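The following block contains a protein sequence and its predicted model.
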Amino acid sequence: MTSTLERNIADYLRTQSDRVEVTSTLDVIENDLIYLPRARRSRHTRRLAPLLTAASVAALVVGLTVVARGSAEPASTASDATSDTVVNTLAPLGTSPTEAAVPTPGITPVTIPSEFPSDVPRPDTFDLMTFITTGNERVGWEFYERREPTDSVERCTQYASSFDASWTSIPKTGVQPSIYAQVFDNGQWQVGIFCINDGGYLVQVMPAGANPVTASTLPPPLTQT
Amino acid sequence: MIDTDRTEQPAKVVSSFSVFYEAELPGQVRRAAMMIGSTDLAHDLVHDAFVEVYRRWDSLDTPGPYLNRSVLNRCRDAGRTRTRRARLSERLRPEPAAWDQEPIADLLDGLPFNQRAVIVLRFYVGMNNVEIAEALDCPAGSVGPWLTRALEQLRKEMP
């Protein structure tokens, strides 16, 4: 049984539908449209999708870990200057050159390694230690730090005074940018002491007869933090 | 790469589609217009549905139900979007939206889409509850309550 309300609704809807003017777009559909095929994912791609997703997540985690570790360590300031036979590689004490990380000056000073020759006067602690290598062989050590220029000069002269008469002192001139340069040689080892005008203090210990130290082997100044 | 489906359609199939289109177009547009209250929007939705049918014409055994479902789905999406936009318009500006300038079946505007669709399908298309449920892809038990609530609302508004 249809109520009056329902009849009224039906009449109202018919009246409203008569107001709708219908326009054909058949010619557009048949003649004017250019259809682009939808890309279909292959079954192989669908099967690989979970694996690819897992691999992507793993790669992302590894990448973030590496970045986090990298940001926690200061950037290496290894010297890019090398001589023909002596190659300097910055490295903290007790680690291989490939694991080198440069500590911030004054925060994590290195200490003298145990394999340091006993007949060579031990220098003070330094901020950086570099292995001097010839090819793949470690042949010496290089210590570097940077303080106030007056402090570095005082430390240079103080360390130079610790060499006794068994050492031959060879003053060096023209080793820029050094303001003080002296080499001690006992026939077995030669020790270069260099004071740089930016406050740098460099000590190189290497076998006697190795290539003399030149300015190009001096490490670049460290960025003060 | 551009698909050349259109040019590869056999002439006989295109002709059949033309017959199908001409037969279905008026009813689809009017039904859609009353469901969403806008003639222009109804034309757009029905046109898009016909394009979809045209692209699948070779693989469709019964294009009529496919077209019905496609138009209804588009009306449902448009109705929900329209409701959201209407609510936003009420907050932002007092004027009605552009598509409401000459609304169709505006007495139904206060109804949610499902209730409005039930009214149109029952009293304009002439479907029973089971057919309405199938058309709207909803449980048959939902149609009765929707219809009851819609009638209660319209009883207050009908002159």
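In hand now; what should we look at?

Now the element after the helix-or-strand element of chain B with minimal mean pLDDT, going C-ward?
Lowest on mean pLDDT, DSSP states H and E among the helices and strands of chain B sits helix B:5-8, with a mean of 43. For helix B:5-8, the following helix or strand on the C-terminal side (DSSP states H and E) is helix B:11-36.

near chain A at all, the following helix or strand past that following helix?
Sequence-wise, the next helix or strand downstream of helix B:11-36 (DSSP H and E) is helix B:39-55. Yes. Helix B:39-55 lies within reach of chain A by Cβ under 8 Å from any Cβ of the partner chain, at B:39, B:42-43, B:47, B:50-51, B:54-55. Glycine gets a C-beta too; all of them are placed from N, C-alpha and C.

try stretch B:124-137
Yes. Interface with chain A: stretch B:124-137 contributes B:Y124 (Cβ under 8 Å from any Cβ).

any low-confidence regions in chain B?
B:1-15, B:82-102, B:159 (pLDDT under 70).

list the buried ones in stretch B:45-61?
B:45-47, B:49-55, B:57, B:60 (16 or more other Cβ atoms under 10 Å in any protein chain shown).

farthest pair in the residues of helix B:39-55 next to chain A?
B:T39 and B:R55 (25.0 Å; Cβ to Cβ).

now the buried residues of stretch B:45-61 in TSV, with distance to A:S162?
Shown next, in TSV, are those (distance: Cβ to Cβ, whole Å):
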residue	distance to A:S162
B:L45	94
B:V46	98
B:H47	95
B:A49	95
B:F50	97
B:V51	92
B:E52	92
B:V53	97
B:Y54	96
B:R55	91
B:W57	98
B:L60	98
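
Secondary structure class of the closest residue to B:C138 other than its chain neighbours, three-state.
Leaving aside its chain neighbours, B:C138 sits nearest to B:N114 (7.3 Å; criterion: Cβ to Cβ, 6 or more residues apart in numbering or on different chains). Look at B:N114: counting by DSSP: H, G, I helix; E, B strand; the rest coil, its state is helix.

and B:N114, what is it in contact with?
B:N114 is in contact with B:136, B:138, B:142, B:146, counting by Cβ atoms under 8 Å, 6 or more residues apart in numbering or on different chains.

List just the nearest of those to chain A.
B:W146 (14.2 Å; Cβ to the nearest Cβ).

number of nearby residues for that closest one?
B:W146: 23 surrounding residues under other Cβ atoms under 10 Å in any protein chain shown.

Might one say that it is in contact with B:Q115?
Yes. Under the criterion of Cβ atoms under 8 Å, B:W146 makes contact with B:Q115 at 4.9 Å.

State the number of residues packed around A:L26.
16.

so how far is B:S38 from it?
A:L26 is 21 Å from B:S38, where distance means Cβ to Cβ, to the nearest Å.

Also B:A150?
Counting by Cβ to Cβ, the gap between B:A150 and B:S38 amounts to 19 Å.

same deal with A:T168?
102 Å.

the more surrounded of those two?
More crowded of A:T168 and B:S38, by other Cβ under 10 Å: B:S38, with 24 against 13.

wait, isn't the more buried one in contact with B:A105?
No. Look at B:S38 against B:A105 with Cβ under 8 Å: they stay out of range, at 10.2 Å.

Going along the chain, name the helices of chain A.
With DSSP state H applied, chain A shows helices at A:4-18, A:26-27, A:43-72, A:149-160, listed in chain order.

can you tell which of those helices is closest to A:C195?
helix A:149-160 (4.2 Å).

could you say what helices and strands that closest one packs with?
strand A:178-185, strand A:189-196, strand A:200-207 (3 or more Cβ pairs under 8 Å, 6 or more residues apart in numbering or on different chains; DSSP states H and E).

Identify the single longest strand in chain A, thanks.
The longest strand of chain A (DSSP state E) is strand A:137-146.

buried set for that strand?
Across strand A:137-146, burial judged by 16+ other Cβ under 10 Å covers A:139-146.

gap between A:I112 and chain B?
71 Å (Cβ to the nearest Cβ, to the nearest Å).

Tell me if I'm right that that residue and A:P121 touch.
No. Judged on Cβ under 8 Å, A:I112 makes no contact with A:P121 at a distance of 10.4 Å.

Could you count how many residues lie near A:T157?
A:T157 has 13 neighbouring residues, counting by other Cβ under 10 Å.

any idea how far it lies from chain B?
From A:T157 over to chain B (counting by Cβ to the nearest Cβ), the distance is 79 Å.

Need the nearest residue in space to that residue, chain neighbours excluded.
Distance criterion Cβ to Cβ, 6+ apart; nearest residue to A:T157, sequence neighbours excluded, is A:Y180 at 7.4 Å.

In chain A, what helix or strand scores lowest on average pLDDT?
When each helix and strand of chain A is scored by mean pLDDT, DSSP H and E, strand A:87-90 comes last, with a mean of 41.

I'd like the buried residues of strand A:137-146 laid out as JSON lines, including pLDDT and distance to chain B.
Rendered in JSON lines, the data for these read as follows (pLDDT from 0 to 100; distance: Cβ to the nearest Cβ, whole Å):
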{"residue": "A:V139", "pLDDT": "78", "distance to chain B": "65"}
{"residue": "A:G140", "pLDDT": "81", "distance to chain B": "66"}
{"residue": "A:W141", "pLDDT": "81", "distance to chain B": "66"}
{"residue": "A:E142", "pLDDT": "80", "distance to chain B": "63"}
{"residue": "A:F143", "pLDDT": "80", "distance to chain B": "67"}
{"residue": "A:Y144", "pLDDT": "78", "distance to chain B": "63"}
{"residue": "A:E145", "pLDDT": "78", "distance to chain B": "66"}
{"residue": "A:R146", "pLDDT": "75", "distance to chain B": "64"}
